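Q: Pasting a predicted model and its sequence here:
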Amino acid sequence: MTSNKKTFTASGITARLFERIAELPEGKQKELMVLIGDQRESERTAYIMQVIYETQEECFSDFILDISPGGIFLETVEDLFIGQRLIIHFKFKNLNEPVTVAGCIAWKGVHGIGIRFVFDSREQKQAMEDQIQLLK
């Protein structure tokens, strides 16, 4: 009896994976890189802070558990999806006015989501980096 099952060698599997990844749009490829943990640009700082964030439809309030110049981990049970854009409002202790920055959900976990910041300008990115440096 002959099996019709296709078998792959390790190199055949790798080649097929590369083919499938190459077929993905660039945005999906970047999302995959985040999912496998290969995209973090800077070290996270443990820091608990309440934030208000909004989607196009709703507004929420939850807590971040850590922050880096590239993004945050937000503890939440909200039903959000990878790739969803958010507007996040921070209230750093040393500032009178809240800081507002856009973000994109990079990954989801059991206890929350990883959000990558999407800065409007180099100045906004530098201001966030400066604030995070003060937390250390």
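A: Good, I have the coordinates.
Q: the bottom helix or strand of the protein by mean pLDDT?
A: helix 26-35 (a mean of 71; mean pLDDT, DSSP states H and E).
Q: Neighbouring strands - and their directions - for the following helix or strand past it?
A: The helix or strand immediately downstream of helix 26-35 is strand 45-54, counting by DSSP states H and E. Using DSSP bridges, the strands paired with strand 45-54 are strand 59-68 (antiparallel), strand 85-90 (antiparallel).
Q: Report the distance from strand 45-54 to the chain centre.
A: The chain centre lies 14 Å from the centre of strand 45-54; the measure is C-alpha atoms, centre = their mean, to the nearest Å.
Q: low-confidence ranges in this structure?
A: 1-11, 30, 34-42 (pLDDT under 70).
Q: care to break it down by domain?
A: For the chain, automatic domain parsing gives the domain ranges 8-39, 45-135.
Q: Out of these, which is the most enclosed?
A: Between the domains of the chain, domain 45-135 has the highest mean count of neighbours, a mean of 15, where neighbours are mean count of other C-beta atoms under 10 Å. Every C-beta, even on glycine, is put in place using the N, C-alpha and C of the backbone.
Q: ends of that domain, how far apart?
A: Across domain 45-135, the terminal residues are separated by 8 Å (C-alpha to C-alpha, to the nearest Å).
Q: Distance from it to the middle of the chain?
A: The answer for domain 45-135 is 9 Å, by C-alpha atoms, centre = their mean.
Q: Next, give phi and psi for the nearest residue to residue 91 once chain neighbours are set aside.
A: The shortest distance from residue 91 to any non-neighbouring residue, by C-beta to C-beta, 6 or more residues apart in numbering, is to residue 98 (4.8 Å). Reported as degrees, to the nearest 10, the phi and psi values for residue 98 are phi -70, psi 150.
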